[in-house]
Structure formats: C-alpha cells, structure tokens
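**Student:** Build the 3D model from these lines:
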Amino acid sequence: MKKIALIFFSILIYLNVNAQGDIIGGDSSDFESNISFIQLDTASGNVWQIGLPQKTFFGTAYSGPFAIMTDTINSYPINNLSSFDISLYDTASWGLIPHIQIGFWHKYETDSLKDGGFIEMSIDSGITWQNIATQTFTWGWAAFPTNFYSPSDTITGNIPAFTGTQNIWEYSEYRLQFVLPVLKPVGNDLKSFQLTGDVYTQKIMFRFNFKSDGIETNKAGWIVDNLVIRELSVYGGVHETESTNFDVKVYPNPINEIGIIQVLPKKNEHDFTINIYNSLGQIVLTSKMDKNNQFIINKNDLDSGIYLFSVISKDGTSKNGKLLIK
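**Tutor:** As a prediction, the model looks like this:
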C-alpha cells in the first residue's frame, strides 16, 4: 500500500509540474465590451475609471479607445487607496486545483518607492486577501511571474507593488499553479490522503489596488488594458489555449544550431510576445517578436532539452507549443 501511495503521489507531482494547461474557465476584456466580471469599488474616493485616456502620460489605450485607469483626466490624489476586483468562478472538476493565469498590458507613472499599484488574491470569495507577490497559501502553490514586481519592490507601508515609471506598454503575467499534488498524506505513513486546505469551493478573486502617500506629485498613476484571467487544467499537454487569429510555426524543430519561431497572423497584426519555459514551468526566455513576427533562437541560448513556449498577442490570446534543443 505504501508503494502504491508513493507512485500515486509521484504521478500527481508529474502531472502538475508538466501541465501547461487548456483553458477551462476565464474571462477577458479590452474595456470596449465584456466588463461584467470587473467590479469597481463604489466607496467615495475611488479613482479607477473605465474610459478614454485624456492624460498626456497615458496617451491612448493599448487597443481600442477605452482602458481602465486611475482617473481619465486628473492626476492621482494624495492619501488614496482605490481598487477594482475581478472574479474567476471554479469550473474545475474532481476536486483538483487548476493553474491560474492573470495577464494584462499596462503603463504607470508614480512617485517611486512611495506610490504604486499592487494586486491581491483571495481564494475564499473575498473574505481574506494576500498580496500576489507574497502569497503564502497553505500548501503547494508556486508562482511564475513575467514582468512583475517582486516582494522587495515596495512602496509606503512595505507593500510590494509596481512603482516608479513604466512609460511604454508592457505585458505582465502571473501564473499560480500547484507543483505538488492536491492530495496530501494524513500522518507519516502515506497510507491515506486528504484534500489540502487550499482546495476552494468558492470563487477566486483578484484585486487591483492603487495606493498613494501624503505627498502631491501630480503624476498620472496606472492604466491597464486587455485584461485576461484564466483557469487552466492541471493535466494535459501544451495546446492552443483558445481560438486565435494567428498560427505559429517552428523550424527546424529539433533545433541543432539556430531556430526560428514564426507567427503567422490571419490579419495584419504585430506586437506578439514569446515566453519560453523549462520543464518546471519557469520562464527562461521572454522577448517581443521582431518586426517580421519572428523570434530567432540560438542553441547556445538554452541548454539541451525540451522546452515549452507561449506566444501571446496584444489582446492576451495565446498559442503554445514545444521546442527541442539538441
């Protein structure tokens, strides 16, 4: 029985570590439509607004005329904490925790190390919240950030946050996944298992916060566009995650010396980002595709082995695949 339990335990570890996932639930918005899953805080003083950017620093939205931002016209005020929430309802089956992906394009102008924007996460329908960069849920979470703030990037109050100035549109993503089984052993004999405390039966929520201190800076704040929140399966291989307006080809594959990842858009589209992951799901390379929608890989850039890649369009849709470096 002990041997069987250990094998089962190992299989679950393998499935979770190697899963990149199919979409089994989620939402997205370019703020022109489909904003029903976005809930603005109705408290007095909340500066988040959906609309047409009219501040010089913000310029235009990333796509379409509208975005969500800390006031469409005025600089952000002092001593302010404003927020909006997005929710992801559980559609997972069999009691398994899915991988969670949140991604968005954004710019910000804040008083560095004083004011900034940060994201909190709740797995109990908003009863408790934790900063996404320092989340300490009880068992098994692993985080894979792309262009995200770290626990040491703090603002007033020792809060990890986006702070300073990001003056061009940047895609940021945070993936939370289980690298350990959803079941954990009861006691030390590995003869029986129970669900971990992090199995949620309610909705997962993310809260976008913007916080300022008491010093007036007349800065723009934070603007966010093309927001995506997804629930990915914990098993399966790498697939096209949803219907996309582009194809991706890799040649040659396996790569002996130099390889090319080519995006073939069905429309005249650019602004693609590529992330390359190792077998643990960690990002080892990230880059914008060039003007020809290509990314060139030299085998010296990566160790020999199997890698996964994700090509992301400006609207947050993605297509995934595998690379073999010889």
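**Student:** where does this protein have its least confident helix or strand?
**Tutor:** Here the helix or strand of the chain ranked lowest by mean pLDDT, DSSP states H and E is helix 2-18, holding a mean of 38.
**Student:** counting residues per strand, which one in the chain is longest?
**Tutor:** Criterion DSSP state E: the longest strand present in the chain is strand 165-178.
**Student:** From the chain's centre, how far out is it? Work that out for me.
**Tutor:** Distance, stretch centre to chain centre, for strand 165-178: 6 Å (CA atoms, centre = their mean, to the nearest Å).
**Student:** the strands in the stretch 101-250 of the chain, which residues?
**Tutor:** 116-122, 130-131, 141-146, 154-155, 159-160, 165-178, 183-185, 193-195, 204-211, 221-232, 246-251 (DSSP state E, counting those that start in this stretch).
**Student:** Could you please name the strands the fifth one pairs with and the direction of each pair?
**Tutor:** Taking DSSP bridges as the criterion, strand 159-160 pairs within the sheet with strand 154-155 (antiparallel).
**Student:** Now do the partner strand, average pLDDT.
**Tutor:** For strand 154-155, the mean per-residue pLDDT is 98.
**Student:** Then stretch 123-136?
**Tutor:** 84.
**Student:** That one: which residues count as buried?
**Tutor:** For stretch 123-136, the neighbour count (16 or more other CB atoms under 10 Å) marks 123, 126, 129, 131, 132, 133 as buried. Backbone N, C-alpha and C define where each C-beta goes, glycine included.
**Student:** Please list the residues outside it that contact it.
**Tutor:** 85, 118-122, 137, 141, 143, 145, 148-151, 153, 159-160, 174, 176, 198, 200, 202-207 (CB atoms under 8 Å, 6 or more residues apart in numbering).
**Student:** let's go with 6 Å and repeat that
**Tutor:** 118-122, 149, 151, 160, 174, 200, 202-205 (CB atoms under 6 Å, 6 or more residues apart in numbering).
**Student:** Give the residue spans of this protein that score low on pLDDT.
**Tutor:** Under the criterion pLDDT under 70, the flagged ranges of the chain are 1-25, 89-98, 136-142, 177-202, 232-244, 279-281.
**Student:** Okay, residue 123 and residue 85: tell me how far apart.
**Tutor:** Noted for residue 123: a distance of 14 Å to residue 85, by CB to CB, to the nearest Å.
**Student:** ok, now residue 245?
**Tutor:** Residue 245 is 29 Å from residue 85, by CB to CB.
**Student:** more neighbours, those two?
**Tutor:** residue 85 (18 against 11; other CB atoms under 10 Å).
**Student:** ok, now which ones touch the more buried one?
**Tutor:** By CB under 6 Å, 6+ apart, the residues touching residue 85 are 39, 205, 207.
**Student:** mind running it again at 10 Å?
**Tutor:** 37-41, 120, 122, 126, 129, 205-209 (CB atoms under 10 Å, 6 or more residues apart in numbering).
**Student:** Pull out the buried residues from these.
**Tutor:** Judged by 16+ other CB under 10 Å, buried ones among the contacts of residue 85: 37, 38, 41, 120, 122, 126, 129, 205, 206, 207, 208, 209.
**Student:** Quick check: the second one touching residue 49?
**Tutor:** No: applying CB atoms under 10 Å, one finds residue 38 not in contact with residue 49, separated by 11.7 Å.
**Student:** so residue 208 makes contact with residue 48?
**Tutor:** Yes: the pair residue 208 / residue 48 is scored as a contact, 7.6 Å apart, by CB under 10 Å.
**Student:** what do the two both touch?
**Tutor:** With contacts defined as CB under 10 Å, 6+ apart, the residues shared by residue 208 and residue 48 are 38, 41, 68, 70, 82, 83, 84, 222, 224.
**Student:** related to what we said a few turns ago, mind putting the contacts of stretch 123-136 into CSV with distance to residue 61?
**Tutor:** What follows is those, written out as CSV (distance: CB to CB, whole Å):
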residue, distance to residue 61
118, 22
119, 20
120, 24
121, 26
122, 28
149, 22
151, 30
160, 26
174, 22
200, 33
202, 32
203, 28
204, 27
205, 24
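**Student:** Tell me the one of these nearest residue 312?
**Tutor:** The nearest member of these to residue 312, counting by CB to CB, is residue 174 at 13.4 Å.
**Student:** ok, that closest one to residue 250 distance?
**Tutor:** From residue 174 across to residue 250, the span is 26 Å (CB to CB).
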